[in-house]
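Trainee: what follows is a predicted protein model with its sequence.
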Amino acid sequence: MIYKKKNTFLRILLMIDRPLTEKMIVIFTVIVVVPLITVGYISYMHSSKVLEHEAREYNWQMIEQVKMYTEDYLRDYEITTLKIVNHPDTIDFLRMSSENEMEERGMNQLITNVLRNHAFSQSDIANITLVLENKAIVDSAGLANRETASQLMEESWYSTITGVGGPSIVSRVIQWHGRELPVISVVKRIANPQTLQPFGMLIIDLNYQRLRDVARQITPGKSGYLFIVDQEGRYVYHPSTSKIGTEYTTEYQELMQGETSGSFLNSYKEPDLITYSQSSQLDWTLATATPFHEVTEGIDYIKDIIFKTVIISLLVVFIIAYSFSTNILRPIKRLQKYMQRVEDGNFSRRVPVESIDEVGQLSDGFNKMMDQISSLVHEVYNAQIRETELRLRQKETELKALQSQMNPHFLYNSLETIRGMALESDKDDIATISSSMGKLLRYNLREQNNIVKIEQEKEMIQLYLRIQKYRFEDKVSYNINLPDWCMEQRISRFSLQPLIENCIVHVVEPCAGRTMIEVTAEKQSEAAFVLWIKDTGKGMTTEIIERLQKDLDKKDISTGGSHIGMVNVHRRNQLNFGEKYGLVIKDTNGNGTVIGIHLPYDKEVE
């Protein structure tokens, strides 16, 4: 019951029982709309990333330009502090030991003039103040007194400026003609010329005019803005003056502190894209805030275009699919009616063929099928006769195969008869040869496995060499020196004998001298070893080795010819163990012939 439900579900899902018109409309829709939606989605996602990346990159470049300008701008005022401190009147002023001495020599007015000259030379300087703790305070505006000096020294930033090194940058709010004025202060600790201990402060207060001019030129998006935060997380600059000096959101401060530059989205209801870069020189973080909906305006446009394209494509596909399916299915439905008449036993009617396309060919085929029903019956009858003949031939082949199996038994019996007669006549050598040939024959014909142990191959080549020893006597000698670790390893059946026979045919027979044949084994790695067959003949030339290597790689065994035995051994071992295994030919420069069989090493059978 569960299977039927599952089958019913699949039939509904695959629309197996639905009309062809519906199937074709659905197929057309899937073929066109699904790829279109996929491509649209991928394009939308890629465009979103590209636009957002470009917005971040654009904002970052603007910030870097503002940062470089601001650093250079404030660096000029660091130089101004040095000019003021090193002015002769300032040096004399710092050497004064008391306030009375300063008044007697008119130093206050001289220092005021020095400060005013520098203040009036730059329109963005609001005030310049020189404070000598517990002695005097002088400023370019002429507003300083002991009370303002006390208030200045009580500000939180004052105590943090302890060194006599380079100037520091501080953002603060000062009282200026009865109102609060946010300023950026370039402050420098002053050292006593006599004791070299810090005892005063030079403060250049800059208004925000220059910074505002730069910020107005920065337009991230349509309504974005630039802001600056100091190392304590307070606004140094913001388009809304009321926020200067207030604390920036702690959560966003932590995000900015992790990297020297970057970007993130804040968590507002309508989020902003915050792009920032830290200035190591000023200990400030310069940032831009761009409404994220402005960044994604282009993305929304792309999304609308994709959506409209999909809807229009769906309508076009539906119209085309309906028209196409109707034209195709009309002749098919007509053919269906004729087939129903055939089911009712009416074989006289034929389908009109109106085209030569697949449907026309199908109709024509139906007509021909009706014409050939009788001939098909006759063909079926003839096919049954041919099948019967085929079975008889198969039986005949099996009988011949059984007869062919009798020939090896006749050979075994003949060899055993020869061996018995030789033993009766005390011809031990003939008996040994006959016994060895019988064992070789059984191994070759009865062994069913394609892969055997090396120990079995060793026994067979010993039998073969024993026979050849009777033939050539002292002209040939051999040494089969195979270690115990390789005896259980695997090799393709009848691999060693053809290589030994190659030594007999090409070395022992044509040569008058003595020939030594040696069989050894060598481990090459933890996963492979080589069986080496060596002889002491004259060896092979480089040309012969190259031709033999070419035959191993490309020769067609069915064509016969030279090297067929070695090619056969090579291919069978490759087939059984893999392409990287098989015969290996070693060039000995005329000092005999060395051929190896590269085989896999199996640790488990050692």
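Mentor: Sure, I can see it. Model, not experiment: these values are computed from the prediction.
Trainee: make it CA atoms for all contacts and neighbour counts henceforth
Mentor: OK.
Trainee: quick one: residues contacting the nearest residue to residue 499 once chain neighbours are set aside.
Mentor: Leaving out its chain neighbours, the residue that sits closest to residue 499 by Cα to Cα, 6 or more residues apart in numbering is residue 566, at 6.8 Å. If a contact means Cα atoms under 8 Å, 6 or more residues apart in numbering, then residue 566 has 498-499, 552, 583 as its contacts.
Trainee: out of these, which is most surrounded?
Mentor: Greatest neighbour count in these, by other Cα atoms under 10 Å, goes to residue 583: 24 neighbours.
Trainee: does that residue sit in a helix, a strand or a coil?
Mentor: Per DSSP: H, G, I helix; E, B strand; the rest coil, the secondary structure class of residue 583 is strand.
Trainee: about what we covered before: pull out the buried positions in the helix or strand containing the residue nearest to residue 499.
Mentor: Element membership for residue 566, per DSSP states H and E: helix 564-577. In terms of neighbour count (16 or more other Cα atoms under 10 Å), helix 564-577 has its buried residues at 564-574, 577.
Trainee: the nearest residue to residue 567 once chain neighbours are set aside and residue 147, how far apart?
Mentor: Beyond its immediate neighbours in the sequence, the residue positioned closest to residue 567 (Cα to Cα, 6+ apart) is residue 552, lying 5.2 Å away. Residue 552 is 107 Å from residue 147, where distance means Cα to Cα, to the nearest Å.
Trainee: isn't the residue nearest to residue 567 right up against residue 573?
Mentor: No: with contacts defined as Cα atoms under 8 Å, residue 552 does not count as touching residue 573, sitting 11.8 Å away.
Trainee: quick revisit: biggest separation within the buried residues of helix 564-577, which pair?
Mentor: Among the buried residues of helix 564-577, the pair separated by the greatest distance (Cα to Cα) is 564 and 577, at 19.9 Å.
Trainee: OK, contacts around the residue nearest to residue 567?
Mentor: With contacts taken as Cα under 8 Å, 6+ apart, residue 552 has the following neighbours: 566-567, 570-571.
Trainee: what's the closest of those to residue 485?
Mentor: Among the contacts of residue 552, residue 570 lies closest to residue 485 (Cα to Cα), at 22.9 Å.
Trainee: so what's that closest one up against?
Mentor: Taking Cα under 8 Å, 6+ apart, one finds 552, 582-583, 597 in contact with residue 570.
Trainee: residue 530 now?
Mentor: By Cα under 8 Å, 6+ apart, the residues touching residue 530 are 521-524, 596-599.
Trainee: could you flag which of those residues are buried?
Mentor: Neighbour-count burial within those applies to 521, 523, 596-599; the criterion is 16+ other Cα under 10 Å.
Trainee: buried sites along whatever helix or strand residue 103 lives in?
Mentor: Element membership for residue 103 (DSSP H and E) is helix 99-104. By neighbour count with 16+ other Cα under 10 Å, helix 99-104 contains the buried residues residue 102.
Trainee: show me the longest helix that occurs in this structure.
Mentor: helix 20-85 (DSSP state H).
Trainee: what's the first helix or strand after it?
Mentor: Scanning forward in sequence from helix 20-85, with DSSP H and E defining helices and strands, the next element found is helix 88-95.
Trainee: in the strand or helix carrying residue 186, what counts as buried?
Mentor: Here residue 186 is covered by strand 179-191, with elements defined by DSSP H and E. Within strand 179-191, the residues that count as buried by 16+ other Cα under 10 Å are 182-191.
Trainee: can I get those residues in CSV including distance to residue 34?
Mentor: Shown next, in CSV, are those (distance: Cα to Cα, whole Å):
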residue, distance to residue 34
182, 60
183, 61
184, 60
185, 63
186, 64
187, 67
188, 69
189, 72
190, 75
191, 78
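Trainee: now, which of those sits nearest residue 67?
Mentor: Checking the buried residues of strand 179-191 against residue 67 by Cα to Cα gives residue 184 as the nearest, at 15.0 Å.
Trainee: for the chain, which helix or strand comes out least confident on mean pLDDT?
Mentor: Of all the helices and strands that make up the chain, the one with the lowest confidence by mean pLDDT, DSSP states H and E is helix 406-424; it has a mean of 54.
Trainee: need the residue in this protein that's farthest from the chain's center.
Mentor: Among the C-alpha atoms of the chain, the one farthest from their average position, using Cα atoms, centre = their mean, is that of residue 104, at 83.0 Å.
Trainee: next one: it from residue 364, what distance?
Mentor: Here residue 104 is placed at a distance of 130 Å from residue 364 (Cα to Cα).
Trainee: I figured residue 496 hits residue 461, correct?
Mentor: Yes: look at residue 496 against residue 461 with Cα under 8 Å: they come within range, at 6.8 Å.
Trainee: picking up where we left off before, run the chain-centre distance for the helix holding residue 566.
Mentor: Taking Cα atoms, centre = their mean, to the nearest Å, one finds the center of helix 564-577 at 39 Å from the center of the full chain.
Trainee: try stretch 126-134
Mentor: Here the centre of mass of C-alpha atoms in stretch 126-134, compared against the chain's by Cα atoms, centre = their mean, lies 64 Å away.
Trainee: C-alpha coordinates for that stretch, CSV please?
Mentor: What follows is the C-alpha trace of stretch 126-134 in CSV, where atoms were taken according to Å, rounded to 0.1, in the frame of the first residue of the first chain:
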residue,chain,number,x,y,z
ALA,A,126,40.5,81.0,16.8
ASN,A,127,43.0,81.7,19.6
ILE,A,128,46.5,80.9,20.6
THR,A,129,47.2,80.6,24.4
LEU,A,130,50.5,80.3,26.2
VAL,A,131,50.2,79.1,29.8
LEU,A,132,53.0,79.1,32.3
GLU,A,133,51.7,77.3,35.3
ASN,A,134,51.5,79.4,38.5
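Trainee: give me the residues contacting it.
Mentor: The list of residues contacting stretch 126-134 from outside it, by Cα under 8 Å, 6+ apart, reads 115-116, 119, 137-141, 144, 149, 199-207.
Trainee: just those residues: which are in strands?
Mentor: Using DSSP state E, 137-139, 199-206 are the members of these that sit in strands.
Trainee: turn these into JSON lines, including distance to residue 131, neighbour count and pLDDT.
Mentor: As requested, those are exported to JSON lines (distance: Cα to Cα, whole Å; neighbours: other Cα atoms under 10 Å; pLDDT from 0 to 100):
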{"residue": "137", "distance to residue 131": "4", "neighbour count": "24", "pLDDT": "85"}
{"residue": "138", "distance to residue 131": "7", "neighbour count": "22", "pLDDT": "87"}
{"residue": "139", "distance to residue 131": "8", "neighbour count": "24", "pLDDT": "86"}
{"residue": "199", "distance to residue 131": "8", "neighbour count": "19", "pLDDT": "81"}
{"residue": "200", "distance to residue 131": "5", "neighbour count": "22", "pLDDT": "84"}
{"residue": "201", "distance to residue 131": "5", "neighbour count": "22", "pLDDT": "87"}
{"residue": "202", "distance to residue 131": "6", "neighbour count": "24", "pLDDT": "88"}
{"residue": "203", "distance to residue 131": "8", "neighbour count": "23", "pLDDT": "88"}
{"residue": "204", "distance to residue 131": "11", "neighbour count": "28", "pLDDT": "89"}
{"residue": "205", "distance to residue 131": "13", "neighbour count": "24", "pLDDT": "87"}
{"residue": "206", "distance to residue 131": "17", "neighbour count": "24", "pLDDT": "87"}
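Trainee: what is the nearest of these to residue 309?
Mentor: Nearest to residue 309 among the ones in strands among the contacts of stretch 126-134, with distances taken as Cα to Cα, is residue 206, at 57.2 Å.
Trainee: I figured the closest one hits residue 187, correct?
Mentor: No: between residue 206 and residue 187 no contact is recorded; they are 11.0 Å apart, counting by Cα under 8 Å.
Trainee: so where do the helices sit in the stretch 101-250 of the chain?
Mentor: Remark: helices assigned in the stretch 101-250 of the chain by DSSP state H, counting those that start in this stretch are 107-121, 146-154, 209-217, 250-257.
Trainee: out of these, which is closest to residue 82?
Mentor: Distance to residue 82, taken as Cα to Cα, is lowest for helix 107-121 among the helices of the stretch 101-250 of the chain, at 11.7 Å.
Trainee: and the helix or strand where residue 305 lies, what's its mean pLDDT?
Mentor: Secondary structure assignment for residue 305, by DSSP H and E: helix 297-343. The predicted model gives helix 297-343 an average pLDDT of 75.
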